[in-house]
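*Asks:* Quick one, fold the following:
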Amino acid sequence: MPDRKLQSKFVFRFRPPAEPGQYERGESSVMTGSIPEVQSEVQSQESGQMNTVEMQQSAQQIKEVLRLNDLVRTGQSLNGILSQIASSIARWTGFRAISLSRVEERAIRAVAFVGLSEDDQRTLLNSNDGVDDFMKFMRQEFRISHSYYISHKHTIPSANITLVYSMSMDDYQPGGWHPDDLLFVPLYSSREQRLLGFISLDNPVDGQIPSQERIELIELFANQAALAIDNARIREEREAEQQTLEKEILLLHDRLEQVRRGDLRARVQATHPRLQPLVEMINNVIDEIGSILGSMQMVTQAVDEHARSVHRNSELLARDTRQQEQQVHQISSTVNEIATMMHRISENAATLAKAAVEAMDVTLEAQGAVDRAVDGMGKVREATLQSARTMKSLSESGQEINETVLLITDLTTRMHHLALNAAIEATRAGEHGQGFAVVAQEMRTLAVHGGEAARKIATYIRTIQHEMTAVSQSVEQSTQQVVMQTELVTQTGVALEAVSVTTEQFSDLIQSVCSIADSQFQGSQPVVNAVKEISRMTEGITQHMLGMQQSLEHLIELTNSLRSRMALLRISER
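*Replies:* Residues are numbered from 1 along each chain as shown. As a prediction, this is how the structure comes out:
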């Protein structure tokens, strides 16, 4: 038997004309008390077609519907409620086999059974039929009221659903219910117009195809099943929403706790739509607080830096003021000393003027001595030049003597050779040449002595020439020194002339200094008085600076305290 579907758009109502909408509001007590009126209305509508037994049965059916309506609102388990609804449908509509299924993620899941074996129940529980397969049966040609009856004479090849059979062909009566017939009622949510499940019915007790009135009665029970499923979904959604809401409230509480501790950096987040306005408002408040605190931190830092800068400047100013005070005292002492020194300068300037006159006289005498020294140096220069010329002449004479000595040396060499030849000839002459040999020997001896004398003379002459050369160089150097000394003496004379002029100017300046020193001494007293007044004013400024410094130190302490408190607050970088 397949799962069968019920559509909850249809609401089957039994009510008297005087009490409209009582069953829509679930007023079971009123309905129970009005059963005779309902029976009267039904009897008038059926025009005598329903007997007393049928009227009582209708009343019992309505009571059962109201009981199920109350049961749906009790909050019992959904499967238990659906099982009772399936049992009520089987009892009051005359079907032996009932299967009630729910739609879960586009699949059909059987949840309640009546009149099916355990094997059939397991088959339906393990089936994986899709909603789209059932939708293929929901054609307008098969529709009765809000349900769908598909005769065994019709086939839908493309549909693939799980079927179980609770009726055999032996029970089939021609024109009656066939084992391959299908009847299912779709269950819809009146709240969302959403398909919730199906009720499939099989094997009617009377073996007949159900009439429209009977199907409408089934739909009345099916509405209670749809209401139970919808209420369960609402409870599940509310529980899930409640859990989500509680979880996000806890997160919100944790975040607000961080904010309470001073951490304003992270933003509060929530996905629940009910919390979104609150979260946006909290984030706006946190942003505003963060902006204000950021401005306060900037202002505090600026005030602190400015206070510290002013404090440093005040310390420097106080120090400078104290230094100025000391300097003013020093200036006062110095001015007094200057006044005394001016008087002394005036006296010393007079002494210097007298000394300057004497220096001018000494300078004139030194100028005369320099002139005489210049004349003497000129004479020394002439004598030195004459000595140089004499030395040069002696050097030239020595050169001539040296040449003469060379001639003598050559002559002695020849005499030696001649004596040697004479000795040889005397030896050849024998006895007759012995006297000549003695003469030749004497000539050789004389030539040897003459050559030695010539060599000594040449040696002496060279020594004299070397010494004359050295003397000549010394004389030349002396001449240069004389020239340099002459120039120095001349420069000394020029310098003495400049000293004379400077001394005269110095004497004039000393006279001016004497006059200025006298004037300064006379005008120093007003300066001393002014310096004393400046010292008194400086002392007052120092006292004011000390007071301002104490105020700034107190301001810095306050800003430090404020900064330490602001440091506990952590805000986002901007």
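*Asks:* Now do the strands in the stretch 101-250 of the chain.
*Replies:* Assigned by DSSP state E, counting those that start in this stretch, the stretch 101-250 of the chain shows strands spanning 107-114, 143-144, 147-150, 182-189, 194-204.
*Asks:* and the angle from the fourth one to strand 194-204?
*Replies:* Spelled out, that is strand 182-189. With axes from the mean of the first three to the mean of the last three C-alpha atoms, to 10 degrees as the criterion, the two stretches strand 182-189 and strand 194-204 enclose an angle of 150 degrees.
*Asks:* Check the first one too.
*Replies:* Our comparison of strand 107-114 with strand 194-204, counting by the same axes, to 10 degrees, yields an angle of 40 degrees.
*Asks:* and strand 107-114, which residues are buried?
*Replies:* Of the residues in strand 107-114, Ile108, Arg109, Ala110, Val111, Ala112, Phe113, Val114 count as buried by neighbour count, 16 or more other C-beta atoms under 10 Å. Where you see a C-beta, it was placed from the backbone N, CA and C, and this is true even at glycine.
*Asks:* coming back round to it: please convert the strands of the stretch 101-250 of the chain to JSON lines, extending it with mean pLDDT and distance to Ile218.
*Replies:* What follows is these, written out as JSON lines (pLDDT from 0 to 100; distance: least, C-beta to C-beta, whole Å):
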{"stretch": "strand 107-114", "mean pLDDT": "90", "distance to Ile218": "13"}
{"stretch": "strand 143-144", "mean pLDDT": "92", "distance to Ile218": "10"}
{"stretch": "strand 147-150", "mean pLDDT": "92", "distance to Ile218": "7"}
{"stretch": "strand 182-189", "mean pLDDT": "91", "distance to Ile218": "6"}
{"stretch": "strand 194-204", "mean pLDDT": "91", "distance to Ile218": "7"}
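*Asks:* Relative to Asp129, which of those strands is closest?
*Replies:* strand 107-114 (4.4 Å; C-beta to C-beta).
*Asks:* May I have the closest one exported as CSV, CA atoms only?
*Replies:* Written as CSV, here are the backbone C-alpha positions of strand 107-114 (Å, rounded to 0.1, in the frame of the first residue of the first chain):
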residue,chain,number,x,y,z
ALA,A,107,11.6,12.5,1.1
ILE,A,108,8.7,10.5,2.5
ARG,A,109,9.2,9.0,6.0
ALA,A,110,6.4,6.7,7.4
VAL,A,111,5.7,7.5,11.1
ALA,A,112,2.4,5.8,12.0
PHE,A,113,0.6,2.6,10.9
VAL,A,114,-2.7,0.8,11.4
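*Asks:* one step back: please identify which of the strands of the stretch 101-250 of the chain is closest to Gln84.
*Replies:* Ranking the strands of the stretch 101-250 of the chain by distance to Gln84, with C-beta to C-beta as the measure, places strand 107-114 first at 8.6 Å.
*Asks:* neighbouring contacts of that closest one?
*Replies:* By C-beta atoms under 8 Å, 6 or more residues apart in numbering, the residues outside strand 107-114 that reach it are 3, 78-79, 82-83, 85-87, 89-90, 96-103, 120-121, 124-125, 127-131, 134, 197-198.
*Asks:* Now the buried members of those.
*Replies:* Buried members of the contacts of strand 107-114, counted by 16+ other C-beta under 10 Å: 3, 78, 82-83, 85-86, 89-90, 97-103, 120, 124, 127, 129, 131, 134, 197-198.
*Asks:* Can you flag which of those belong to helices?
*Replies:* Leu78, Leu82, Ser83, Ile85, Ala86, Ile89, Ala90, Asp120, Leu124, Val131, Phe134 (DSSP state H).
*Asks:* Check pLDDT for those and point me to the minimum.
*Replies:* pLDDT across these is lowest for Phe134, at 81.
*Asks:* Touching, it and Ile161? I think so.
*Replies:* Yes: with contacts defined as C-beta atoms under 8 Å, Phe134 counts as touching Ile161 at a distance of 6.6 Å.
*Asks:* Just the helices from this protein, written as ranges.
*Replies:* 28-33, 35-46, 52-72, 78-93, 118-125, 131-135, 212-260, 276-429, 434-566.
*Asks:* will you turn those helices into TSV that also has distance to Asp171?
*Replies:* Compiled in TSV, the helices of the chain are given as follows (distance: least, C-beta to C-beta, whole Å):
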stretch	distance to Asp171
helix 28-33	37
helix 35-46	30
helix 52-72	24
helix 78-93	17
helix 118-125	16
helix 131-135	26
helix 212-260	19
helix 276-429	61
helix 434-566	90
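*Asks:* Can you tell me which of the ones you listed is most buried?
*Replies:* helix 78-93 (a mean of 20; mean count of other C-beta atoms under 10 Å).
*Asks:* quick check: angle from that one to strand 194-204?
*Replies:* When the same axes, to 10 degrees is applied, the directions of helix 78-93 and strand 194-204 differ by 40 degrees.
*Asks:* And the contacts of helix 78-93?
*Replies:* For helix 78-93, with C-beta under 8 Å, 6+ apart as the criterion, the contacting residues are 60-61, 64, 68, 71-72, 95-100, 111-115, 199, 201, 210, 214, 217-218, 221-222, 224-225, 228-229, 232.
*Asks:* Could you identify which of the helices of the chain has the lowest mean pLDDT?
*Replies:* Comparing the helices of the chain by mean pLDDT, the weakest confidence falls on helix 28-33, with a mean of 36.
*Asks:* Wait, Ile161 touches Asn128, no?
*Replies:* No: the pair Ile161 and Asn128 does not pass the contact test of C-beta under 8 Å, sitting 10.3 Å apart.
*Asks:* How is this structure divided into domains?
*Replies:* Structural domains of the chain, as assigned by automatic domain parsing, span the residue ranges 28-231, 335-548.
*Asks:* how about JSON lines for the ones you listed, with distance to Pro277 added?
*Replies:* Shown next, in JSON lines, are the domains of the chain (distance: least, C-beta to C-beta, whole Å):
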{"stretch": "domain 28-231", "distance to Pro277": "24"}
{"stretch": "domain 335-548", "distance to Pro277": "54"}
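*Asks:* Glu248: which of these is closest?
*Replies:* Distances from Glu248 to each of the domains of the chain were compared using C-beta to C-beta; the minimum, 24.3 Å, belongs to domain 28-231.
*Asks:* Report the distance from that closest one to the chain centre.
*Replies:* Here the centre of mass of C-alpha atoms in domain 28-231, compared against the chain's by C-alpha atoms, centre = their mean, to the nearest Å, lies 71 Å away.
*Asks:* hang on, the earlier thing: could you say which one of the helices of the chain comes nearest to Asp180?
*Replies:* Asp180 lies closest, by C-beta to C-beta, to one member of these: helix 118-125, at 15.6 Å.
*Asks:* For that closest one, report the contacting residues that lie outside it.
*Replies:* Residues outside helix 118-125 that contact it (C-beta under 8 Å, 6+ apart): Met1, Asp3, Ser99, Ser101, Arg109, Ala110, Phe113, Leu116, Thr162, Val164, Ser166.
*Asks:* And stretch 234-249, by the same measure?
*Replies:* Counting by C-beta under 8 Å, 6+ apart, stretch 234-249 makes contact with Gly75, Arg191, Ala270, Thr271, His272, Arg274, Leu275, all of which sit outside it.
*Asks:* of those residues, closest to Thr363?
*Replies:* Ala270 (109.7 Å).
*Asks:* Could I get the phi/psi values of that closest one?
*Replies:* Dihedral angles phi and psi of Ala270 (degrees, to the nearest 10) take the values phi -160, psi 140.
*Asks:* And the pLDDT for it?
*Replies:* Per-residue confidence at Ala270 stands at 70 (pLDDT).
*Asks:* can you pull the contacts of it?
*Replies:* Residues Glu248, Leu251, Leu252, Gln276, Leu278, Val279 are the ones in contact with Ala270 under the rule C-beta under 8 Å, 6+ apart.
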